[in-house]
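> sharing a sequence plus its predicted fold:
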Amino acid sequence: MKTIRELLQYPAAAVGIVIIVLLVGLSIYAMITIPYSEAVRLWRGGEDVWYHTPKNAAPVWTNWFTPKNLPATIRVDSEDPSIEKSIEVSGEMTNIAFSFIFEFPYDDFPREISVFFDAKYDEKAPHVSMTWLTPDGREIRVADKSVSESETYRVSQDDKLQRRLGGSLPHNGLFAVDPRAKTLVPLQGTYTLRVEAITFEPESDVDAEMVVYGQVHGLAGTDHRRRDLSVALLWGTPIALGFGLLAAVGTSLIQMIIAAIGTWYGGWVDSLIQRVTEVQLILPFLPILIMVGTFYSKSIFAMLGVVVVLSIFGGGIKTNRAMFMQVKHSPYIEAAQAYGASDARLIRKYLIPRILPTLLPSLVALVPSFVFLEAALALLGLGDPTLPTWGKVINDAYGNGALYYGQYYWILEPSVLLIIMALAFSLLGFALDRIFNPRLRGM
Amino acid sequence: MKTKTTPREKPKPGTNALARVGKYAGVRLVVLFITVVVSIYLVVLVANMGGYVDEIRLGNIQQQISLEISQDRSPEMLALSLDERQALIRERVAVEVQRQGLDRPFILRSFGYLKGAITLDLGFATDLTSDSGSKQVRLILVERLPPTLLMWGLANLLLFFISLLFGLFLSRKYGSVLDRIVITLAPTSSAPAWFYGLFLILIFAAVLQILPFGGMVDAPPPETKIAYALNLLKHLILPTTAIVISTIFLQTYNFRTFFLIYSTEDYVEMAKAKGLTDREIERKYILRPTLPTIITQFALTVITLWTGATILETVFNWPGLGRTLYQAIGLYDTPVIVGSQVIYAYLLAATVFLLDFIYALVDPRVRIGGQGRTG
């Protein structure tokens, strides 16, 4: 096609197309790897889904920019076949023992430590004692306790352990060269948490999973509810693309049809459309959307519908009208009229196809404004309650003081994706505009 | 012949021109007012789809009557028991509901609401209060208006003059490096002001810590007037910059292209041939005929910028209308939400009118006669 060849002569347009193709690829990837229902479940999940990720952890790649090697999350599970579980039966009681051995090569302390127990028993709960072995050979008693069916032992919140460590927080003290020192220094090496359990019933068993929450996690980091941001960033792509494209196509097409009808019939129809356009100009667009979001529905489809309805009589009508006016008096239209084509046929087959290509630049350029509109609604707390979107990540980050606490990744990641998408469509729109408006060429 | 427009009649003396501008402005004012009324009526219809406006009215009646009865210290009233008093309140509420026509069909009632909305007579907010402690929606909104106007007025003025002068400059330096930079940067205007606001806060408030995160003045506010003004200015820098950055490149690009198209007209060539200076050509032959169109285009920009006001104010914690609307959403404060819609409709209409008026002042077709603006 001629247009495409012409388009590729503009480097900006080529960049835009490449980015759009990549974003579409990312959307398809997101939808295949994380099915919709899974995405919703993950995004709405609480501590039950996200117990193994740290709170507000920066992405792993922040380590490239910091002089320190910040700890990542370490997970060890006794159900893992590589962990040896020794079982000694002595009468009614059984001694179960296993050790979590792990490397700690980092220059800073972890955020928290938790041990999740999973015990099987009928009446008498097993008793567990835990011991911490440091690389330099120290042995620290962590806790002795009985564990219920699913028990979470938060090492970081254990006051007794804190006292034993001379007042330093357990997740710092356990990894320090000297837990009683004024400024704690982390000790690298191989650590061990030995778990010894005594069960009181023959069928009884104990399993445990230890999580040492790091300061960095995954490619995207996590938020205040421990959710991995990559879910929202991945799934935000198809949502933003879909919302932007549907809204842009919907409003552009409807505006064009209305403009065509108005121009063709002229007279009172035209002036009525003109007056309604003027009312639309004064209609507070965003506040009405906000009102609908607050009172009726926050669903993204409802929002999409309202956006399209509110934009039906938007400013595009005036530009379209000017173009239709020129076409209306062309000879080919007169010829069609002469052989008796109906009004509907004339609009459908003669007016609209003539204008359709010129619609493309403004349509493409409209996409970013709708993408940002969705983000803006989310920022006001009116985002779709079930879906993970970029706007909602920004909203969470902003609402939880990410800027004050220096968690910049939280706001930057969705913002960068937003601006990349906006720029791609905008660049393409600019290039298309030059192709369809020869007057702009060379300027 | 000095200008492009050739009036059919000879220009008449000044008083007539003033009268024409006045008449034009008057007609526009009436038309705009009708438009505002229609637009507010639509808001009322949308708002009452779930019966929300009815609730506001009912709530107001109840509050007013309970207040009246609790303040009535006459002996016969004090003699009544609590239950009797409640019954009396219910009875009076029923009478008032009938009097105000809340039992009539919605179409009839909607016109009553419309009148209330147009005069911003929306009763009392459910949760929000104004700084002076009043719960009246009108007072709350009127109190939040000046900060909004200050920020948006300043930003738009800056935007207009910077982009106009910059556009003229670039049209002269057409094809230079700077020109290419602006063309390249024009697509960045697809991101809204609040988006740039987040980045500015990140850079200047969080990382560099030289400008405040948001708000209008420090707490506690400075005592002397000069210190207060300077402090206000300091808080204005980031939000204003955000607005300007979000639009400036596209606006400059548009203006520049527009000037370029006009500077290829024959009469400009003619002026050049006459040996006029560049400055004179720019002022009299390029700027003069393009100004009305430029103002129309700018009007559309300002209107789209209004839409972003809510979010920008929320991001910068600016105590204007936008943040009030945001707070009202959080508290489900229906009267304030509906009131905000109304005041935004007024503000949009005022913007359109102001720009129309400037348009009338610069457009010779309006000033000297001939055809006014249509469509």
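It's in.

> give the contact list for the spatially most central residue of chain A.
Nearest residue to the geometric centre of chain A (C-alpha atoms, centre = their mean): residue A:232, 1.9 Å. Neighbour list for residue A:232: A:43, A:388-390, A:392-393, A:414 [criterion: C-beta atoms under 8 Å, 6 or more residues apart in numbering or on different chains]. Placement of C-beta: from N, CA and C, glycine included.

> how about residue A:12?
Residue A:12 touches A:427-428, A:430-431, B:184, B:187, counting by C-beta under 8 Å, 6+ apart.

> circling back: what about the residue nearest to the centre of chain A, helix or strand, and which?
helix A:229-265 (DSSP states H and E).

> gap between that helix and the chain center?
Remark: helix A:229-265 is offset 21 Å from the chain centroid, using C-alpha atoms, centre = their mean, to the nearest Å.

> so which bits of the helix or strand hosting residue B:169 are buried?
Element membership for residue B:169, per DSSP H and E: helix B:137-172. Residues B:137-141, B:143-145, B:147-148, B:150-152, B:154-156, B:159-160, B:163-164, B:166-172 are the ones in helix B:137-172 that count as buried (16 or more other C-beta atoms under 10 Å in any protein chain shown).

> near chain A, anything from that helix?
No - using C-beta under 8 Å from any C-beta of the partner chain, helix B:137-172 never reaches chain A; the gap is at least 9.6 Å.

> name the helices or strands packed onto that helix?
Packing partners of helix B:137-172 (3 or more C-beta pairs under 8 Å, 6 or more residues apart in numbering or on different chains; DSSP states H and E): helix B:177-185, helix B:225-262, helix B:288-315, helix B:321-331, helix B:334-362.

> dump those helices into a markdown table; add mean pLDDT and distance to residue A:409 as well.
Shown next, in a markdown table, are these (pLDDT from 0 to 100; distance: least, C-beta to C-beta, whole Å):
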| stretch | mean pLDDT | distance to residue A:409 |
| --- | --- | --- |
| helix B:177-185 | 88 | 26 |
| helix B:225-262 | 90 | 21 |
| helix B:288-315 | 81 | 19 |
| helix B:321-331 | 84 | 25 |
| helix B:334-362 | 83 | 34 |
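
> deepest of those, which one?
helix B:321-331 (a mean of 23; mean count of other C-beta atoms under 10 Å in any protein chain shown).

> run through who's touching that helix.
Outside helix B:321-331, the residues that reach it (C-beta under 8 Å, 6+ apart) are A:287, A:290, A:293-294, A:380-382, B:125-128, B:140-141, B:144-145, B:148, B:309-314, B:317, B:333, B:336-337, B:340, B:343-344, B:347.

> what do you get for stretch B:195-205?
A:372, A:375, A:394, A:398, A:403, A:408, A:411-412, A:415, A:418-419, B:210-214, B:238-239, B:241-242, B:245-246, B:312, B:315-316.

> what are the buried residues along it?
B:195-202, B:204-205.

> same check on stretch A:50-62?
Neighbour-count burial for stretch A:50-62, counted by 16+ other C-beta under 10 Å, picks out A:50, A:52-54, A:56-60.
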